[in-house]
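S.K.: Requesting a structural model of the entry that follows:
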Amino acid sequence: MITKATLKKYILPLIGLVILALFIKNIPSQILSLSFQEIGIINIVVLLALTAFNVLLKALRWQLLIHKIAAVKMPLKLSFTTILAGVAGSSIMPGKVELTRPLMLKTEYDVPLSRSVSALSIERVMDLVSLLSVMMASILFLPASLNINFMLPALVGVIIILIIVASIAFYTPYWLSVFENMVFMVIKKERLKEKIRQFLNSFFEGLSKLDKMYLSVMTIFSIIINSIEIIRFYFLLQMLGIAAPIAAIGFAFTASIVVGVVTMIPGGIGVTEISAAEIIAQLLPAASKGLITSGVLLDRVLAYYLLIAIGALVLTLSGLFKKDQKEAQKA
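M.R.: Residues are numbered from 1 along each chain as shown. Just a heads-up that it's a prediction; the model follows:
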């Protein structure tokens, strides 16, 4: 019998790798080689610099959140390292992603997992809000010449989700009660109820430590982080001769990440690439499909798979690979 843990740890990552392999197989080797030549070494260095800058901003955000929620002054260098480890953890160790960064903080500063996991959860909500905000702006600013009728349902859905998230941030105690009642109507096991109650209390306790102005500023900061990723992707496609409006690239980038999250495949491996390529191809039917897929793959290599390799080295040196799931949960 296939358990949920087995599905998350082995089957979903395998599906993602198969999809990625098929995606790469469909790219003609001559086009991929031509893409590298077209971009050039200097431009690749610039794109890598944008990736590093983006990780630095994420590290600064994580540092500020931990200081606010856990009252720990973490050096920016360590925060940068934990971000890289987290990227690798989400892809190499499915199921442990929630504990990669918290465990590193537990080791270095003895930060209680309840606080660091709360900060991590809040960070992910900020990422979701920023992604949806950029997606909404991208849809609104798409050129009129493009066919956007199929995006209108997505726009409505995004607006509804943003309204719900904003109300949660401003009416925290009410939503804590609502979530508990909704979850406990479905779940009957007392032990599981207690775990969920502890998580919700931890999450909303961390959220309560952030005043509304601070939360708004950090959310804007998250929007800037995602915008830099879109700018990098936009410039890469421009270097390949794909003259796509930045609004179209913004929608393709954010929508592909959301698709990857919904499928629950770690890191959205394979799914993110094929989604981004298909969306761009639909919006720009005159553009070369081979160049589009090549550009999507190159961007993912520079901005994601390279970070996995570096993060894996960090995890190895930190010894987190040696911790099994039970030891991590016990910590």
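
S.K.: Tell me which helix or strand comes right after the lengthiest helix in the chain.
M.R.: In the chain, taking DSSP state H as the definition, the longest helix is helix 41-70. As assigned by DSSP states H and E, the chain's next helix or strand after helix 41-70 is helix 76-92.

S.K.: okay, that following helix in CSV with CA atoms only?
M.R.: Extracted C-alpha coordinates of helix 76-92, given in CSV (Å, rounded to 0.1, in the frame of the first residue of the first chain):
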residue,chain,number,x,y,z
LEU,A,76,23.4,37.7,7.4
LYS,A,77,26.1,35.1,6.3
LEU,A,78,24.4,32.3,8.3
SER,A,79,21.0,33.4,7.0
PHE,A,80,22.3,33.2,3.4
THR,A,81,23.6,29.7,4.1
THR,A,82,20.3,28.5,5.6
ILE,A,83,18.4,29.8,2.5
LEU,A,84,20.6,27.7,0.2
ALA,A,85,20.2,24.7,2.5
GLY,A,86,16.4,25.2,2.4
VAL,A,87,16.4,25.1,-1.4
ALA,A,88,18.3,21.9,-1.4
GLY,A,89,16.1,20.4,1.4
SER,A,90,12.9,21.0,-0.5
SER,A,91,14.2,19.0,-3.5
ILE,A,92,16.6,16.4,-2.0
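
S.K.: buried ones in it?
M.R.: Buried residues in helix 76-92, counting neighbours by 16 or more other C-beta atoms under 10 Å, are found at 78-92. In this view, the C-beta of every residue, glycine as well, is placed from N, C-alpha and C.

S.K.: How about stretch 136-144?
M.R.: When burial is assessed from 16+ other C-beta under 10 Å, stretch 136-144 yields the following buried residues: 136-139, 142.

S.K.: Okay, and which of these map to helices?
M.R.: Under the assignment DSSP H, the buried residues of stretch 136-144 contribute 136-139 to helices.

S.K.: So which of those residues is the closest to Val271?
M.R.: Ser138 (19.6 Å; C-beta to C-beta).

S.K.: give the contact list for that closest one.
M.R.: 247-248, 250-251, 254 (C-beta atoms under 8 Å, 6 or more residues apart in numbering).

S.K.: what do you get for Val314?
M.R.: Contacts of Val314 by C-beta under 8 Å, 6+ apart are 81, 84-85, 88.

S.K.: Ser114 is in contact with Gln198, correct?
M.R.: Yes. If you go by C-beta atoms under 8 Å, Gln198 and Ser114 touch, sitting 7.5 Å apart.

S.K.: More neighbours: the two, which one.
M.R.: Neighbours per residue (other C-beta atoms under 10 Å) separate Gln198 from Ser114, with Ser114 holding more: 17 against 11.

S.K.: separation between the more buried one and Met126?
M.R.: From Ser114 across to Met126, the span is 19 Å (C-beta to C-beta, to the nearest Å).

S.K.: Dump the buried residues of stretch 136-144 into CSV; add pLDDT as well.
M.R.: Shown next, in CSV, are these (pLDDT from 0 to 100):
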residue, pLDDT
Met136, 85
Ala137, 87
Ser138, 87
Ile139, 84
Leu142, 80
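
S.K.: quick one: the residue nearest to Ala303 when sequence neighbours are not counted and Val296, what's the gap?
M.R.: For Ala303, ignoring the flanking residues on the chain, the nearest one in space by C-beta to C-beta, 6 or more residues apart in numbering is Thr51 at 4.8 Å. From Thr51 across to Val296, the span is 15 Å (C-beta to C-beta).

S.K.: who's more crowded, the two?
M.R.: Val296 (28 against 19).

S.K.: what's the more buried one in contact with, if anything?
M.R.: 273, 276-277, 280.

S.K.: repeat for Glu38
M.R.: Applying C-beta under 8 Å, 6+ apart, the residues near Glu38 are 239-241.

S.K.: are any of these buried, and which?
M.R.: In the contacts of Glu38, burial by neighbour count holds for 239-240, counting by 16+ other C-beta under 10 Å.

S.K.: Among the contacts of Glu38, name the ones in helices.
M.R.: If you go by DSSP H, the contacts of Glu38 have Met239 in helices.

S.K.: of the contacts of Glu38, closest to Ser33?
M.R.: Of all the contacts of Glu38, Ser33 sits closest to Leu240, with 12.6 Å by C-beta to C-beta.

S.K.: Out of the contacts of Val296, which comes closest to Val258?
M.R.: Taking C-beta to C-beta as the measure, Val258 lies nearest Ala276 of those, at 11.0 Å.

S.K.: ok, now how distant is that closest one from Ile257?
M.R.: For Ala276, the distance to Ile257 equals 9 Å [C-beta to C-beta].

S.K.: of those two, who's got more company?
M.R.: When Ala276 and Ile257 are compared for neighbours, Ala276 comes out ahead with 29 against 21, by other C-beta under 10 Å.
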